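[1] Generate coordinates for the sequence data below:
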Amino acid sequence: MSINIKETVEKMGEDALIASRHLSDLSSDQKNKILLSMATQLLKDCDVIIEANDLDVAAAKENGLSSAMVDRLDLNQSRIEAMANGIKQVASLSDPVGEIMDDWQRPNGMNIKQIRVPIGVIGIIFESRPNVTSDAAVLCLKTGNATILRGGKESINSNLAIAKSLQMGGERAGLPQNSIQLIPFTERECVQHLAEMDQFLDLIIPRGGAGLIEAVVSMARMPVIKHYDGICHTYIDSDCDIKMARDIVVDAKTQKPSVCNALETLLVAESIAMDFLPLIGKDLIAKGVEIRADKQSSTLLGIDSVPASNEDWVTEYLDLILSIKVVSDIHEAIDHINEYGSHHSDCIVTESVDNAELFMKRIDSATVFWNVSTRFSDGEEFGFGAEIGISTDKLHARGPMALRELTSYKYLIKGSGQTKSKMA
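    Have a look, this model is predicted:
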């Protein structure tokens, strides 16, 4: 069985490399027609995709997955229509491939252009959300990249149905064969085989928990862009609009708690904690949030809470659970976030321009917000269209990854017979 998996994954890599060479020849108009055909096919296959998804949802419930995780997994007609609309939106966006990033003339007459080009073959490893199959495939296509996808076992049936629909719809409009492939196995060794195929893959992007990402980083023979945990913070400053602060906290925690940009730790300045905490405590309890509080905030909340442990400060709950801590001032808040956060998305709520600027300068995260819910840490909300994920790295891509982040660049040099020997 192991040999069969390895051979299959390696053949997918070989096929993807061939496909990537054809993809790089496609014009923007050709790629957009392919994308629209994909969207059409996805809607045609709606019933087939939902039937496959029903198998995954039933298995998830039987295996005791949390309601939040089941919600991430569940597909219905509305969500499939949203996926199709997302594909159409990507088709409407400007194609970064071929963009001239810089253009200059050297004293010897050489003209040098720096242009955006596809990366080549991208492997993407993700967990339970089946819509990532569509988002990843269409963004890679728009940028001329072939992609090999490896989804979580919880969504294997949904992912296979979506990938098949996208490839089929795309081929009707000229998509090269094997441009979009999804590994059909759920065994963990698939990740190892994918991560070791540097002869075929140019980049690998893991999306998921710390264990998955650390495993990929340790095995990968090609560059890795990490989509790490979303341990997101909101700091309530002493100089804030309390109503705004309440609205932002409730939205960031409860609007969709199962996503990586949801609030996980709330920090409150000591000078405002007595006024703010009883109010936000009632707001959160009304939304069904379990609170894990440090000793000081527990006393001020006036409601039942679970004592917070050190583990809570480094936990991505992805559920209706929130840790709360009282801090002496903005400096302690900044230190706490930089020490315990995952460098994903963090927010300050304040009316003080000086404090906001200090926070935004000192917080070492991919996205830093001032008076805005962290739920806006999203490629679509930034105007990028669908996203491949939110990178917590610092090199090549950081924050919401969309089209530009899926390109590399090269230099084109044009001359008129210049040689080094003539310059000697």
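
[2] Next, the distance between the ends of stretch 85-99.
    Terminal residues of stretch 85-99 are spaced 25 Å apart (C-alpha to C-alpha, to the nearest Å).

[3] Give me the contacts around that stretch.
    28, 31-32, 35-36, 38-39, 42, 115-118, 131, 134-135, 138-139, 142-144, 380, 384-386, 403-404, 407 (C-beta atoms under 8 Å, 6 or more residues apart in numbering). For the C-beta atoms, the positions are set from N, CA and C on the backbone; glycine is no exception.

[4] Report the buried members of those residues.
    31-32, 35-36, 38-39, 42, 115-118, 131, 134-135, 138-139, 142-144, 384-386, 403, 407 (16 or more other C-beta atoms under 10 Å).

[5] which ones among those residues are found in strands?
    Among these, the ones falling in strands (DSSP state E) are 115-118, 407.

[6] what about the stretch 301-424 of the chain, any weak spots by pLDDT?
    For the stretch 301-424 of the chain, residues meeting the criterion pLDDT under 70 lie at 385-386, 423-424.

[7] Going by residue numbers, what spans are helices in it?
    Under the criterion DSSP state H, counting those that start in this stretch, the stretch 301-424 of the chain carries helices at the ranges 330-340, 353-362, 420-423.

[8] go on, the stretch 51-200 of the chain?
    Using DSSP H, counting those that start in this stretch, the helices of the stretch 51-200 of the chain run over 67-73, 77-92, 131-142, 156-171, 189-195.

[9] quick one on the thing from earlier: now distance to G415 too, for the ones in strands among the buried ones among the contacts of stretch 85-99, in TSV please.
    Listed next are these as TSV, based on distance: C-beta to C-beta, whole Å:
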residue	distance to G415
I115	17
R116	22
V117	21
P118	26
T407	26
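
[10] Of those, which is the nearest to M222?
    P118 (15.0 Å; C-beta to C-beta).

[11] Bridge partners for that closest one, pull those for me.
    Beta bridges link P118 to T407 when assigned by DSSP bridges.

[12] I figured it hits H22, correct?
    No: under the criterion of C-beta atoms under 8 Å, P118 makes no contact with H22, lying 11.2 Å away.

[13] count of residues packed around the closest residue to L194 other than its chain neighbours?
    Spatial nearest neighbour of L194, excluding adjacent residues (C-beta to C-beta, 6 or more residues apart in numbering): G123 at 5.0 Å. If you count neighbours by other C-beta atoms under 10 Å, G123 ends up with 30.

[14] So G123 is in contact with H193, correct?
    No: using C-beta under 8 Å, G123 makes no contact with H193, being 10.1 Å away.

[15] sorry, back to before: can you say which of the helices of the stretch 301-424 of the chain is nearest to M244?
    Nearest to M244, of these and by C-beta to C-beta, is helix 353-362 at 13.0 Å.

[16] how about the helices of the stretch 51-200 of the chain, which one is nearest R150?
    helix 189-195 (5.7 Å).

[17] so how far is that closest one from its chain's centroid?
    Distance of helix 189-195 from its chain centroid, counting by C-alpha atoms, centre = their mean, to the nearest Å, is 20 Å.

[18] Which residue ranges make up each domain of this protein?
    Domain segmentation of the chain under automatic domain parsing yields 2-228+392-413, 232-376.

[19] Most tightly packed of the helices of the stretch 301-424 of the chain?
    Most buried of these, by mean neighbour count (mean count of other C-beta atoms under 10 Å): helix 330-340, with a mean of 18.

[20] any idea of the angle it forms with helix 353-362?
    20 degrees (axes from the mean of the first three to the mean of the last three C-alpha atoms, to 10 degrees).

[21] can you list contacts of helix 330-340?
    Defining contact as C-beta under 8 Å, 6+ apart, one finds that helix 330-340 is touched by 231, 233, 235, 237, 265, 267, 269, 313-314, 325, 327, 346, 348, 355, 358-359, 362-365.

[22] Recalculate using a threshold of 7 Å.
    Applying C-beta atoms under 7 Å, 6 or more residues apart in numbering, the external contacts of helix 330-340 come out as 231, 233, 235, 237, 267, 313-314, 325, 327, 346, 355, 358-359, 362-364.

[23] dump the residue contacts of T265.
    Applying C-beta under 7 Å, 6+ apart, the residues near T265 are 231, 233, 313, 323, 325.

[24] Oh, that last question was meant for H396, not what I typed.
    Contacts of H396 by C-beta under 7 Å, 6+ apart are I225.

[25] do that again at 10 Å, thanks
    119, 203, 223, 225, 405, 408 (C-beta atoms under 10 Å, 6 or more residues apart in numbering).

[26] Just send those back as JSON lines, with distance to E14 too.
    Listed next are the contacts of H396 as JSON lines, based on distance: C-beta to C-beta, whole Å:
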{"residue": "I119", "distance to E14": "17"}
{"residue": "L203", "distance to E14": "17"}
{"residue": "P223", "distance to E14": "20"}
{"residue": "I225", "distance to E14": "23"}
{"residue": "E405", "distance to E14": "26"}
{"residue": "S408", "distance to E14": "21"}
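
[27] List just the nearest of these to D319.
    Of the contacts of H396, the one sitting nearest to D319 (C-beta to C-beta) turns out to be I225, at 26.3 Å.

[28] burial count for the closest one?
    Neighbour number of I225 under other C-beta under 10 Å is 23.

[29] For it, give me its contacts.
    Contact partners of I225, counting by C-beta under 10 Å, 6+ apart, are 122, 124, 203-207, 388-389, 391-393, 395-398, 401, 405-406.

[30] Emit the PyMOL select command for whichever of those residues are buried.
    Selecting only the buried entries of the contacts of I225 in PyMOL, with 16+ other C-beta under 10 Å as the criterion:
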select buried, resi 122+124+203+204+205+206+207+388+389+391+392+393+397+398+401+405+406
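
[31] Give me the subset of the contacts of I225 lying in strands.
    Using DSSP E, the contacts of I225 in strands are 122, 124, 203-206, 389, 391, 401.

[32] possible to save those residues as JSON lines with distance to S165?
    Formatted as JSON lines, the entries for the ones in strands among the contacts of I225 read as follows, by distance: C-beta to C-beta, whole Å:
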{"residue": "I122", "distance to S165": "20"}
{"residue": "I124", "distance to S165": "17"}
{"residue": "L203", "distance to S165": "25"}
{"residue": "I204", "distance to S165": "24"}
{"residue": "I205", "distance to S165": "22"}
{"residue": "P206", "distance to S165": "24"}
{"residue": "G389", "distance to S165": "22"}
{"residue": "S391", "distance to S165": "28"}
{"residue": "M401", "distance to S165": "24"}
